[in-house]
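Student: coordinates only, sequence not included:
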């Protein structure tokens, strides 16, 4: 049973997070056989994301993170669908160098601790975190509540 400070998530947000998690897992391996499934998942996530933007209970930072995640996956799948190596390279160059979710966790950690740390220290900590952890946004929202 949820405690008094528990964060309630809408059905759409839970569905979006699950779909995002499954899509990220599919992107880990070989993309080519999954490219059409990934494209369909991304289209569905974009529709869900537009519905989530109307939900006033969701923090703007969380919404921005969801948007960045969807955009990054979209670029990745579009790059996989390119025919020539030149088109593929141009698409890959459009991907961000740092994972947006990692950057968000880093900013929140620095803000919450109030202690300035070097980039190397934060990078070491980020490398230790599990990349596939998609529930981090839920945990962050629960801490804020």
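Tutor: Nice, thanks for sending it over. Everything numeric here is computed off the predicted structure, so don't read it as measured data. Numbering: from 1, shown residues only.

Student: residue ranges with poor pLDDT in this structure?
Tutor: Scanning the chain for pLDDT under 70 picks out 1-6, 83-85, 88, 96-145.

Student: Mind jotting down where the helices sit in it?
Tutor: Counting by DSSP state H, the chain has helices at residues 11-28, 35-52, 60-80, 85-93, 100-113, 119-128, 136-144.

Student: For the second one, name the packing helices and strands.
Tutor: The reference is to helix 35-52. Contacts defined by 3 or more CB pairs under 8 Å, 6 or more residues apart in numbering; DSSP states H and E place helix 35-52 against helix 11-28, helix 60-80. C-beta here means a position set from N, CA and C on the backbone, and glycine is covered the same way.

Student: now the longest one
Tutor: The elements that helix 60-80 packs onto, with contact taken as 3+ CB pairs under 8 Å, 6+ apart, are helix 11-28, helix 35-52, helix 85-93, helix 100-113, helix 136-144.

Student: what do you get if the cut-off is 6 Å, keeping everything else the same?
Tutor: helix 35-52, helix 85-93 (3 or more CB pairs under 6 Å, 6 or more residues apart in numbering; DSSP states H and E).

Student: right, and those - which one's nearest residue 14?
Tutor: helix 35-52 (10.3 Å; CB to CB).

Student: Need the contact partners of the closest one.
Tutor: For helix 35-52, contacts defined as CB atoms under 6 Å, 6 or more residues apart in numbering pick out 12-13, 16, 19, 23, 26, 58, 66, 70, 73-74, 77, 80-81.

Student: run the last query once more with 8 Å
Tutor: The contact list for helix 35-52, computed with CB atoms under 8 Å, 6 or more residues apart in numbering, reads 10, 12-13, 15-16, 19-20, 22-23, 26-27, 31, 58, 63, 66-67, 70, 73-74, 77, 80-81.

Student: Can I have the buried ones of those residues as a PyMOL selection?
Tutor: PyMOL command restricting those to the buried ones, with burial defined by 16 or more other CB atoms under 10 Å:
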select buried, resi 12+13+15+16+19+20+23+26+27+58+66+67+70+73+74+77+80
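
Student: Thanks again, I'm all set now.
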